[in-house]
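S.K.: dropping a prediction and its sequence here:
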Amino acid sequence: MDKPISPEQFAELLHACYSDNEERLMSDHQRSLSFQDGMFDRWERARRLGFGERTSIYNSATVFGNVEIGTDSWVGPNTILDGSGGGLRIGSFCSISSGVHIYTHDTVLWALSGGMLDYSKCAVSIGDCVYIGSQCVIAAGVQIGSRCVIAANSFVNDNVPDGTVVGGSPARRIGVVIGEADKVSIIFDSSEKISEVRIV
Amino acid sequence: MDKPISPEQFAELLHACYSDNEERLMSDHQRSLSFQDGMFDRWERARRLGFGERTSIYNSATVFGNVEIGTDSWVGPNTILDGSGGGLRIGSFCSISSGVHIYTHDTVLWALSGGMLDYSKCAVSIGDCVYIGSQCVIAAGVQIGSRCVIAANSFVNDNVPDGTVVGGSPARRIGVVIGEADKVSIIFDSSEKISEVRIV
Amino acid sequence: MDKPISPEQFAELLHACYSDNEERLMSDHQRSLSFQDGMFDRWERARRLGFGERTSIYNSATVFGNVEIGTDSWVGPNTILDGSGGGLRIGSFCSISSGVHIYTHDTVLWALSGGMLDYSKCAVSIGDCVYIGSQCVIAAGVQIGSRCVIAANSFVNDNVPDGTVVGGSPARRIGVVIGEADKVSIIFDSSEKISEVRIV
């Protein structure tokens, strides 16, 4: 037969399948995910994409082009990792928080020229032990060192040296990272910045 | 039989199911949603999560840990409600706009230390009648009172007292809410801020 | 029979279907999309919504109310196009980057009044050849001319004249667009702004 089940039966199965999954996630991990983030395994996807051991990436993340990630990194829901413009390399022990967008191309001149000019393209690299806060945008061409913190909701359009804390749109230096391993801590540049201590 | 339908038939059913749904949503509500937000009911999900009467939450929202919400609140697509770090309480008649992220934990020191230090955790509470604009990020530990407005695209890393309007990254006070019920209105702090009257 | 396949079989088919699709996308276009953005065609959706020739819109985009878009425009993942408050018109050759939210209504007074006051509503129009960077929020009532650039992560709550570059929250003028077609370029207002040259 051509249509073994009806759209109505399909919708019922879709709901049954999601409900089973949600119930299990709630009782095992106290979390309720969207359909796609709940149904697809994030470690399995990271393996398929060739990322390092123990790295995970949610199904709702979008991955373009050539993207490499080390071990033990976490890539949140609704992120965009764009390696289409020359390659995107991310190290180990990085937190790529939910909603972060990292680009290696932009279409500014394409749009302004009515499609006559090409996309701009430039590679991006991010070191080890880097925290990128929620909803940050990292522009094409940016290089971020190791042990850096990018405050939430920042737009980074310039390089960030090793051990630096930046924030804002565009992001400016607001502090430094001192020490390492379990002795690591952050020192903010000025007392004025004291309220930025919370840097999720 | 083991595979009662083929992946191709499955994909066809998926499309038929979504098309039916989209057509109905367009003619009944003039809206076109993503697959998951279209296929799953947002009031039903709110009930399953124990939220108050008439509160709704889109399927694309992510809910971690212990999250409580009162009645008549609206939680938009692509939001993140994280109660994993000590509990997240949100009151009644709140607008949690699309793309808002509210956190009770962060992984800053975890990342900087290469996984040697723990996550930071702190509870968050939000009062009644609060408007949080699109794409805001609320950091762990923040307490927001009642009748507050958080301008779109803000990063809130400090407490917001009752009846306060804040905006920016990090968010600063830009006005106050006066009156109540149908006499409520906003007064901005300075003429300089006049263009922030639009605070979606 | 009532349940022709079990939820487990359904989940297996879901995974098989997505894997086939992902493999094809990786080998043909070197990209790995979320389930819904991978399974549903973005040009087909644009046609169903009555958008112009060669315009595309990802499945994860949310469309409310009356939205019109010209030809050759690109609407990214996780965008929100809200025409529910009086209509949203977008021209041709526009880049509506991933995570952009454009609103024609807000619920500020609805929330503050505990549901006693109505939504605020106002139409939005955007010209041709406009680049709106990732994660921008455009407020109800805003008019954006042609050949404009909105820097990533901006909150636009005021009109933007033809040929203007704006950025920040709220967005301020940071430059102008000169020339046209393949001779188009950007001049920033001050040397201080030089680091904003990257405006993805």
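M.R.: That came through, no problem.

S.K.: which of the residues in the lengthiest helix in chain A are buried?
M.R.: The helix of greatest length in chain A, counted in residues with DSSP state H as the criterion, is given as helix A:7-29. For helix A:7-29, the neighbour count (16 or more other Cβ atoms under 10 Å in any protein chain shown) marks A:7, A:9-15, A:17-18, A:21-22, A:25 as buried. All C-beta spots, glycine's among them, are computed from the backbone N, C-alpha and C.

S.K.: let me know the closest of those residues to B:Arg31.
M.R.: Comparing these against B:Arg31 with Cβ to Cβ picks out A:Ala11 as the nearest, at 18.2 Å.

S.K.: and the helices in chain A?
M.R.: Ranges of helices in chain A, per DSSP H, are A:7-29, A:35-39, A:42-48, A:108-112.

S.K.: can you list these in CSV and add distance to chain B and mean pLDDT?
M.R.: As requested, the helices of chain A are exported to CSV (distance: least, Cβ to the nearest Cβ, whole Å; pLDDT from 0 to 100):
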stretch, distance to chain B, mean pLDDT
helix A:7-29, 5, 93
helix A:35-39, 4, 97
helix A:42-48, 12, 97
helix A:108-112, 20, 98
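
S.K.: for A:Gly65, list the residues it contacts.
M.R.: For A:Gly65, the residues meeting the contact criterion (Cβ atoms under 8 Å, 6 or more residues apart in numbering or on different chains) are A:Asp82, A:Gly83, A:Ser84, A:Gly85, A:Gly87, A:Leu88, A:Thr104, C:Gln30, C:Arg31.

S.K.: Serialize those to a markdown table and add fields for neighbour count and distance to chain B.
M.R.: As requested, the contacts of A:Gly65 are arranged in a markdown table below (neighbours: other Cβ atoms under 10 Å in any protein chain shown; distance: Cβ to the nearest Cβ, whole Å):
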| residue | neighbour count | distance to chain B |
| --- | --- | --- |
| A:Asp82 | 25 | 18 |
| A:Gly83 | 23 | 21 |
| A:Ser84 | 21 | 23 |
| A:Gly85 | 22 | 24 |
| A:Gly87 | 16 | 22 |
| A:Leu88 | 25 | 18 |
| A:Thr104 | 28 | 22 |
| C:Gln30 | 14 | 22 |
| C:Arg31 | 18 | 18 |
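
S.K.: what's the most distant pair in those?
M.R.: By the measure Cβ to Cβ, A:Gly87 and C:Arg31 form the most distant pair in those, at 14.2 Å.

S.K.: got the angle for the strand of greatest length in chain A vs helix C:7-29?
M.R.: Within chain A, and with DSSP state E defining each element, the longest strand by residue count is strand A:80-90. Between the direction of strand A:80-90 and that of helix C:7-29, the angle (axes from the mean of the first three to the mean of the last three Cα atoms, to 10 degrees) works out to 70 degrees.

S.K.: packing partners for strand A:80-90?
M.R.: Using 3 or more Cβ pairs under 8 Å, 6 or more residues apart in numbering or on different chains; DSSP states H and E, the elements in contact with strand A:80-90 are strand A:62-69, strand A:101-102, strand A:105-106, strand A:120-121, strand A:124-126.

S.K.: dump those to a markdown table, plus distance to B:Phe35 and mean pLDDT.
M.R.: As requested, the helices and strands packed on strand A:80-90 are exported to a markdown table (distance: least, Cβ to Cβ, whole Å; pLDDT from 0 to 100):
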| stretch | distance to B:Phe35 | mean pLDDT |
| --- | --- | --- |
| strand A:62-69 | 15 | 98 |
| strand A:101-102 | 21 | 98 |
| strand A:105-106 | 27 | 96 |
| strand A:120-121 | 31 | 96 |
| strand A:124-126 | 30 | 98 |
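
S.K.: among those strands, show me which one is buried the most.
M.R.: strand A:101-102 (a mean of 28; mean count of other Cβ atoms under 10 Å in any protein chain shown).

S.K.: my read is that A:Trp110 contacts A:Leu117, right?
M.R.: Yes: distance between A:Trp110 and A:Leu117: 5.8 Å, which falls inside the contact criterion (Cβ atoms under 8 Å).

S.K.: who has more neighbours, those two?
M.R.: For A:Trp110 versus A:Leu117, neighbours defined as other Cβ atoms under 10 Å in any protein chain shown are more numerous around A:Trp110 (21 against 18).

S.K.: who's in contact with the more buried one?
M.R.: A:Leu117, A:Asp118, A:Tyr119, C:Phe93, C:Ser95.

S.K.: which of those are buried? Put it as a PyMOL command.
M.R.: Remark: buried members of the contacts of A:Trp110, expressed as a PyMOL selection using 16+ other Cβ under 10 Å:
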select buried, (chain A and resi 117+119) or (chain C and resi 93+95)
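
S.K.: name the nearest residue to the most centrally placed residue in chain A, ignoring sequence neighbours.
M.R.: Geometric centre of chain A, nearest residue: A:Ile96, 3.7 Å, by Cα atoms, centre = their mean. With Cβ to Cβ, 6 or more residues apart in numbering or on different chains as the measure, A:Val75 is the residue that lies nearest to A:Ile96, at 4.5 Å, once sequence neighbours are left out.

S.K.: could you tell me which residues make contact with that neighbour?
M.R.: Going by Cβ under 8 Å, 6+ apart, A:Val75 touches A:Arg42, A:Ala46, A:Thr55, A:Ser56, A:Ile57, A:Tyr58, A:Ala61, A:Ile69, A:Leu81, A:Ile96.

S.K.: most neighbours among the residues you listed, which one is it?
M.R.: In terms of neighbours by other Cβ under 10 Å, the contacts of A:Val75 top out with A:Ile96 at 29 neighbours.

S.K.: give me the low-pLDDT residue ranges for chain A?
M.R.: Regions of chain A meeting the criterion pLDDT under 70 cover residues A:1-3, A:191-200.

S.K.: the longest helix of chain A to strand B:62-69, inter-axis angle?
M.R.: Computed with the same axes, to 10 degrees, the direction of helix A:7-29 lies at 80 degrees from that of strand B:62-69.

S.K.: other SSEs contacting helix A:7-29?
M.R.: On a contact count with 3+ Cβ pairs under 8 Å, 6+ apart, helix A:7-29 meets strand A:31-32, helix A:35-39, helix B:7-29, helix B:35-39, helix C:7-29.

S.K.: so which of those is nearest C:Val156?
M.R.: If you check each of the helices and strands packed on helix A:7-29 against C:Val156 by Cβ to Cβ, helix B:35-39 wins as the nearest, at 24.8 Å.

S.K.: neighbouring contacts of the closest one?
M.R.: The list of residues contacting helix B:35-39 from outside it, by Cβ under 8 Å, 6+ apart, reads A:11, A:14-15, A:34-36, B:17-18, B:21-22, B:25, B:32, B:58-60, B:77, C:35-36, C:39-40, C:59, C:62.

S.K.: same thing but 10 Å
M.R.: Contacts to helix B:35-39, defined as Cβ atoms under 10 Å, 6 or more residues apart in numbering or on different chains, come from residues A:11, A:14-15, A:18, A:34-39, A:60, B:14-15, B:17-18, B:21-22, B:24-25, B:31-33, B:58-61, B:76-78, C:34-37, C:39-40, C:59-60, C:62.

S.K.: only C-alpha atoms, please: export stretch A:19-30 in CSV.
M.R.: In CSV, the C-alpha atoms belonging to stretch A:19-30 read as follows (Å, rounded to 0.1, in the frame of the first residue of the first chain):
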residue,chain,number,x,y,z
SER,A,19,6.0,12.2,25.5
ASP,A,20,7.9,8.9,26.3
ASN,A,21,11.2,10.7,25.7
GLU,A,22,10.2,13.8,27.8
GLU,A,23,9.0,11.6,30.7
ARG,A,24,12.3,9.8,30.7
LEU,A,25,14.4,13.0,30.5
MET,A,26,12.4,14.5,33.4
SER,A,27,12.7,11.6,35.7
ASP,A,28,16.4,10.8,34.8
HIS,A,29,17.8,14.4,34.3
GLN,A,30,15.0,16.8,35.4
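
S.K.: before I go, just wanted to say thanks for your time.
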